[in-house]
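pasting the sequence and the predicted coordinates here, then a few questions.
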Amino acid sequence: MTARRPVLFVPHGSPMFALHPGAAGAAMSQLATQLGTPRAIVVVSPHWETTVPTVGFATRPETIHDFGGFDPRLYQMQYPATGCPEVAAQVVTALQNAGLPTAQDAQRGLDHGAWIPLRQMFPDADIPVVPLSVQSHLGPEHAYRVGQALASLAAHNIWVIASGNVTHNLRDFMLVSMQGGATPPYVQAFADWIHTHMTQHDVPGLLAYRQQAEGQRAHPTDEHLLPLFTALGAAGNGAQPEAFFRGISDHVIAMDGYTFH
């Protein structure tokens with residue numbers, strides 16, 4: 001087998017994923033045990049949106065409970081990972097070397113798009129974590145370019161973990177939560193479309209996902225798919241994506257995750 005690159009796209013599902021990780025969570029835990037130990041993790045979450053790429057420099061990033069109306073146990077959960085200003089500075093340099101404007105945030109913690117998957121993969125919170133924001137207003141091509149800028153981090157055993165979901169329609173999620181019902185056909189159809197284009201390494205096709213009718217329904221807004229493009233860019237031109245898990249949660253959330261060879 002060829003070695004995996006230290007770049008991952010992982011699902012974070014709904015906040016309830018932290019309490020009921022299921023098969024997706026088990027796959028993520030198993031994957032983490034197979035990959036070794038990173039020096040640090042750069043985590044890209046769709047729940048931190050900024051105007052320009054912004055890097056978190058907090059030495060003790062707080063656990064942000066940026067959701068409401070869920071099980072009270074979720075609000076007691078903490079993920080006490082340390083930050084790493086030294087690695088954060090490397091991320092800033094990598095972005096600037098690629099000609100991207102950057103900003104720094106000395107206070108930013110870890111939102112649920114970051115700490116929920118990290119808690120599943122690294123439950124001891126013993127790996128330093130540096131959060132990196134997304135720019136939903138700039139679209140997939142920009143997210144891919146950000147990833148390309150981060151590709152050099154692999155040589156320093158710094159992992160890029162991009163967190164999102166292959167489908168994310170909050171309206172459909174709320175409807176199913178309140179009324180029940182079956183999985184809408186677009187969920188599996190779009191997940192299959194993504195998988196086909198990922199395994200073919202069809203980057204131009206993936207970046208143009210909004211030309212697919214299922215893509216517009218799967219993502220009324222871009223932010224939850226943008227980390228996938230950042231992972232693609234960070235993995236490098238020769239890296240081959242491979243799904244480590246495929247499945248659907250809560251009827252409407254495709255929990256597919258990818259590594260790169």
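Sure, I can see it.

please state the offset of stretch 127-145 from the chain centre?
Put simply, stretch 127-145 sits 9 Å off its chain's centre (Cα atoms, centre = their mean, to the nearest Å).

and that stretch, what's buried?
Within stretch 127-145, the residues that count as buried by 16 or more other Cβ atoms under 10 Å are 127-136, 138, 140, 142-145. Quick note: C-beta positions are derived from backbone N, CA and C, even for glycine.

rounded mean pLDDT for that stretch, please.
For stretch 127-145, mean pLDDT is 98.

may I have that stretch exported as PDB, CA atoms only?
Provided in PDB are the C-alpha atoms of stretch 127-145 (Å, rounded to 0.1, in the frame of the first residue of the first chain):
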ATOM      1  CA  ILE A 127      -1.900  17.200  19.800                       C
ATOM      2  CA  PRO A 128      -1.500  21.000  19.400                       C
ATOM      3  CA  VAL A 129      -4.300  22.500  17.200                       C
ATOM      4  CA  VAL A 130      -4.200  25.600  15.000                       C
ATOM      5  CA  PRO A 131      -7.600  26.700  13.600                       C
ATOM      6  CA  LEU A 132      -7.900  28.200  10.100                       C
ATOM      7  CA  SER A 133     -11.000  30.100   8.900                       C
ATOM      8  CA  VAL A 134     -12.900  29.700   5.600                       C
ATOM      9  CA  GLN A 135     -14.000  32.400   3.200                       C
ATOM     10  CA  SER A 136     -17.400  31.300   1.900                       C
ATOM     11  CA  HIS A 137     -17.900  34.500  -0.200                       C
ATOM     12  CA  LEU A 138     -14.800  33.600  -2.300                       C
ATOM     13  CA  GLY A 139     -16.000  30.100  -3.400                       C
ATOM     14  CA  PRO A 140     -14.400  26.800  -4.200                       C
ATOM     15  CA  GLU A 141     -11.500  28.000  -6.300                       C
ATOM     16  CA  HIS A 142     -10.200  30.200  -3.400                       C
ATOM     17  CA  ALA A 143     -10.600  27.300  -0.900                       C
ATOM     18  CA  TYR A 144      -8.600  25.100  -3.200                       C
ATOM     19  CA  ARG A 145      -5.900  27.700  -3.500                       C
END
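
in which helix or strand does Arg145 reside?
If you go by DSSP states H and E, Arg145 is part of helix 139-150.

please apply the same query to His47.
Going by DSSP H and E, His47 is in strand 40-49.

for that strand, list every residue counted as buried.
Ala40, Ile41, Val42, Val43, Val44, Ser45, Pro46, His47, Trp48.

ok, now stretch 245-259?
For stretch 245-259, burial by neighbour count (16+ other Cβ under 10 Å) applies to 245-246, 248-259.

ends of that stretch, how far apart?
10 Å (Cα to Cα, to the nearest Å).

off-centre distance for that stretch?
Chain-centre distance of stretch 245-259: 13 Å, with Cα atoms, centre = their mean.

check what pLDDT the nearest residue to Phe17 once chain neighbours are set aside gets.
Leaving aside its chain neighbours, Phe17 sits nearest to Ile116 (5.7 Å; criterion: Cβ to Cβ, 6 or more residues apart in numbering). With respect to pLDDT, Ile116 scores 98.

with the one 3 residues further on instead?
Looking at Arg119, its pLDDT is 98.

contacting residues around it?
Taking Cβ atoms under 8 Å, 6 or more residues apart in numbering as the contact definition, Arg119 lies against Ala18, Met77, Tyr79, Ala125.

one more: Pro80?
Counting by Cβ under 8 Å, 6+ apart, Pro80 has contacts Arg60, Thr63, Ala125.
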